[in-house]
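In: Got a sequence here, can you model it:
(one chain, ligands or ions: 2)
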Amino acid sequence: MKKRLFIKTYGCQMNVYDSARIAELLTPLGYEAATGPEGADLVILNTCHIRDKAVEKMFSELGTIRRLKHAQERHGGRMVVAVGGCVAQAEGAEILERAPFVDIVFGPQAYHRLPEMVARAATERVLDTSFPAEPKFDYLPETSATPGVSAFLAVQEGCDKFCTFCVVPYTRGAEYSRPAAEIIAEARRLADSGAREITLLGQNVNAYHGLSPKGGVWGLGELIGALAGIPGLARLRYTTSHPKDVDDALIAAHRDIAELMPYLHLPVQSGSDRVLAAMNRRHTADQYRRTVERLRRARPDIALSSDFIVGFPGESEADFRATTDLVRDIGFAQAFSFKYSPRPGTPAANAADQIPEPVKADRLAILQALLHEQQQAFNQACVGEVLPVLFEKPGRHPGQLVGRSPYLQSIHAEAPAERIGDIVPLTIRAALPNSLAGAIAPQSPSLDGVAA
Ligand code: SAM
Ligand code: SF4
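Out: Numbering: from 1, shown residues only. Ligands and ions are numbered 1, 2, ... in the order given. Okay, here's the model as predicted:
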């Protein structure tokens, strides 16, 4: 008999990927996707712990789930409630204690054991936040679901860098790179099932150093080179990168591999060397500038994106000015910026010189205004250009499709549904606040088969 599974995913693309793998793992047990938690046999919250009030948000969501679970029980049904992801890893038994209706708590490195945990949950409450000796990828079934035009593929996981603000090394564990042969096989399966674009994922994706098919070690540049030849795959991307791990092979890949899109999310966090050192980022602002120069020499149209943290403990006005100076020097096509959020258990959370909230808010507003201006300028400069757009799905209005430019801009245009999955040249007509509007360029019918 079919059972209904609802997964709510918070946070990064890695969690999106994990949720898809969890759904695949549970399919042989008879679970199929439900669109909401009401009436579900199994509800999984795949949580994120990176910022803000992650724990409070999770308990508030659990409050809603508890009411649904009790309503189901009154009608003779049963809802198994599981909490996974990074909050589960960090809070562990505390969740079982505070939320007696939660049946399973599992960490990001334990989800391959979910079928067993679900079976055990019939008679006991389950906690599994261990880091296994063997990587979980060895125990996951092959990807089977239809991936869509643009798919994620995890190539690396965990982090050994221990930036002083970040929980990832504690929640995701040590850095691990999947063997290249396994990744190539997964990429082929995705392409065979219709994926035209793959985004390689990792908490530190460019720290990738996996076993090559011939027994040596490949970095990310070499891996991208091997994936580029897969029939059907037109575009490759990767995220998230660390500035210190941008090596010569990766820069050469941006120069030589047409399938590798000219877009890079390269978080810098701050433009102040003092703050970067206190964050344990292992590079200076000028080293970041030089890396960007090298990337731009290799691929002149590369569009850059970044992450910024304002109000890190001890950040002075001069430190903050160094960040806005760096933003002006580089010129970003888009970016994410956050107020520093103390994460329990990380070194910076205990620093004495925490920055008051109103100061953080002021700095964030200034930085976001500057980044927004740059994003608008970047998008505006595309108006009148013809860009190759990979159509991914229907748009909000009838007759419309939405796709991505090489620079990851979201673009909508009028086009028939059968063009989903095609790379089509679009003339950019307008730059809207978060997207571009385009129209199919008259001169060329399709760029399909051309890496664009
Ligand atoms: N590995 C990536 C790197 O080194 O740049 C970052 C991964 S982290 C999941 C994504 C972003 O969240 C970071 O780049 C940082 O800007 C932000 N972040 C992480 N911890 C934070 C904290 N405690 N407060 C505010 N932002 C934080
Ligand atoms: Fe977190 Fe990225 Fe630093 Fe690793 S490199 S500790 S994931 S911010």
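
In: Can you pull the residues of this structure lying near ligand 1?
Out: 12, 50-51, 165-166, 168, 203-204, 240, 242, 267, 269, 307, 309, 338, 340-341, 343 (Cβ under 6 Å from any ligand atom). For the C-beta atoms, the positions are set from N, CA and C on the backbone; glycine is no exception.

In: just checking, which of the residues you listed belong to strands?
Out: Judged by DSSP state E, the subset of those located in strands is Asp307, Ile309, Phe338.

In: From those residues, list the ones also adjacent to ligand 2.
Out: For ligand 2, no contacts are drawn from those by Cβ under 6 Å from any ligand atom.

In: returning to that earlier point: narrow the residues of the chain next to ligand 1 to just the buried residues.
Out: Buried subset of these (neighbour count, 16 or more other Cβ atoms under 10 Å): 12, 50-51, 165-166, 168, 203-204, 240, 242, 267, 269, 309, 338, 340, 343.

In: what does this structure put close to ligand 2?
Out: Residues of the chain lying near ligand 2 by Cβ under 6 Å from any ligand atom: Cys159, Lys161, Phe162, Cys163, Cys166, Val168, Pro169, Gln203, Asn204, His242.

In: let's see 8 Å
Out: Neighbours of ligand 2 within the chain, by Cβ under 8 Å from any ligand atom: 159-163, 165-169, 172, 203-204, 240, 242, 267, 269, 279-281.

In: and Ala121, what does it touch?
Out: Counting by Cβ atoms under 8 Å, 6 or more residues apart in numbering, Ala121 touches Val80, Ala82, Asp103, Ile104.

In: which of those residues lies closest to ligand 2?
Out: Nearest to ligand 2 out of the contacts of Ala121 is Ala82 (Cβ to the nearest ligand atom; 24.7 Å).

In: quick one: secondary structure of the closest one?
Out: Under the three-state scheme (DSSP: H, G, I helix; E, B strand; the rest coil), Ala82 adopts strand.

In: in the sheet, who's paired with the residue nearest to it when sequence neighbours are not counted?
Out: Once flanking residues are discounted, Ala82 sits nearest to Ile104: 3.8 Å by Cβ to Cβ, 6 or more residues apart in numbering. Following DSSP bridges, Ile104 is listed with bridge partners Ala82, Val126.

In: mind checking pLDDT for Ile104?
Out: pLDDT for Ile104: 97.

In: can you pull the contacts of it?
Out: Contacts were defined as Cβ under 8 Å, 6+ apart; by that measure Ile104 touches Val80, Val81, Ala82, Val83, Leu114, Met117, Val118, Ala121, Arg125, Val126, Leu127, Asp128.

In: Could you point out which residue ranges in this structure have low pLDDT?
Out: Scanning the chain for pLDDT under 70 picks out 133, 144-145, 443-452.

In: can we see that at 80?
Out: For the chain, applying pLDDT under 80 flags the ranges 1, 52, 132-147, 443-452.

In: Wasn't Phe152 part of a strand?
Out: Yes. Under three-state DSSP, Phe152 sits within a strand.

In: bridging residues for it?
Out: Applying DSSP bridges, one finds that Phe152 bridges with Thr199.

In: So what's the residue count around it?
Out: 21 (other Cβ atoms under 10 Å).

In: and the ones in strands among the residues of the chain next to ligand 1 as CSV, adding distance to Glu414?
Out: CSV is the format used below for these (distance: Cβ to Cβ, whole Å):
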residue, distance to Glu414
Asp307, 35
Ile309, 41
Phe338, 37
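
In: Out of the buried ones among the residues of the chain next to ligand 1, list just those in helices.
Out: Mapping those onto helices (DSSP state H) picks out Val168.

In: Grab the nearest non-local neighbour of Ala110.
Out: Once flanking residues are discounted, Ala110 sits nearest to Asp128: 4.3 Å by Cβ to Cβ, 6+ apart.

In: give me every residue that touches that neighbour.
Out: So Asp128 contacts Ile104, Val105, Phe106, Gly107, Ala110, Arg113, Met117 (Cβ under 8 Å, 6+ apart).

In: Check the gap between the fourth one and ligand 1 for me.
Out: To tie it back to what came earlier, the one meant is Gly107. Distance from Gly107 to ligand 1, counting by Cβ to the nearest ligand atom, to the nearest Å: 16 Å.

In: Please verify my assumption that that residue contacts Thr171.
Out: Yes. Contact criterion Cβ atoms under 8 Å: Gly107 and Thr171 qualify, at 7.4 Å.

In: So for these two, which sits in the more crowded spot?
Out: A side-by-side neighbour count of Gly107 and Thr171, using other Cβ under 10 Å, places Thr171 first with 26 against 23.

In: Just the ones of the contacts of Asp128 in strands?
Out: With strands defined by DSSP E, the entries of the contacts of Asp128 inside them are Ile104, Val105, Phe106.

In: could I get the residues you listed as CSV with distance to Leu390?
Out: Output for the ones in strands among the contacts of Asp128, formatted as CSV (distance: Cβ to Cβ, whole Å):
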residue, distance to Leu390
Ile104, 38
Val105, 39
Phe106, 35
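
In: and stretch 240-258, how far from the chain's centre?
Out: The chain centre lies 18 Å from the centre of stretch 240-258; the measure is Cα atoms, centre = their mean, to the nearest Å.

In: Check which residues of it are buried.
Out: 240-246, 249-251, 253-254, 257.

In: what's in contact with it?
Out: The contact list for stretch 240-258, computed with Cβ under 8 Å, 6+ apart, reads 12, 161, 202-207, 219-222, 224-225, 228, 236, 260, 262, 264-268, 281-283, 287-288, 291, 294-295, 298-299, 302, 307, 451-452.

In: any idea how far Ala335 is from Tyr263?
Out: 12 Å (Cβ to Cβ, to the nearest Å).

In: hey, what's in contact with both of these two?
Out: Overlap of the contact sets of Tyr263 and Ala335 (by Cβ under 8 Å, 6+ apart) consists of Ser305.

In: what residues are up against Gly271?
Out: Here Gly271 is in contact with Ala285, Ala322, Thr323, Thr324, Asp325, Leu326, Val327 (Cβ under 8 Å, 6+ apart).

In: Quick check: strands, which of the residues you listed are part of them?
Out: The strands, defined by DSSP E, take in nothing from the contacts of Gly271.

In: Helices of the stretch 1-150 of the chain, residue ranges please.
Out: 13-26, 54-74, 85-91, 93-98, 114-120 (DSSP state H, counting those that start in this stretch).

In: Please put the alpha-carbon coordinates of the shortest one into PDB.
Out: Going back to what we said before, that points to helix 93-98. Output in PDB follows, covering the C-alpha atoms of helix 93-98 (Å, rounded to 0.1, in the frame of the first residue of the first chain):
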ATOM      1  CA  ALA A  93      18.600  14.300  22.100                       C
ATOM      2  CA  GLU A  94      17.400  17.800  23.100                       C
ATOM      3  CA  ILE A  95      14.800  17.600  20.300                       C
ATOM      4  CA  LEU A  96      13.500  14.200  21.600                       C
ATOM      5  CA  GLU A  97      13.300  15.700  25.000                       C
ATOM      6  CA  ARG A  98      11.500  19.000  24.100                       C
END
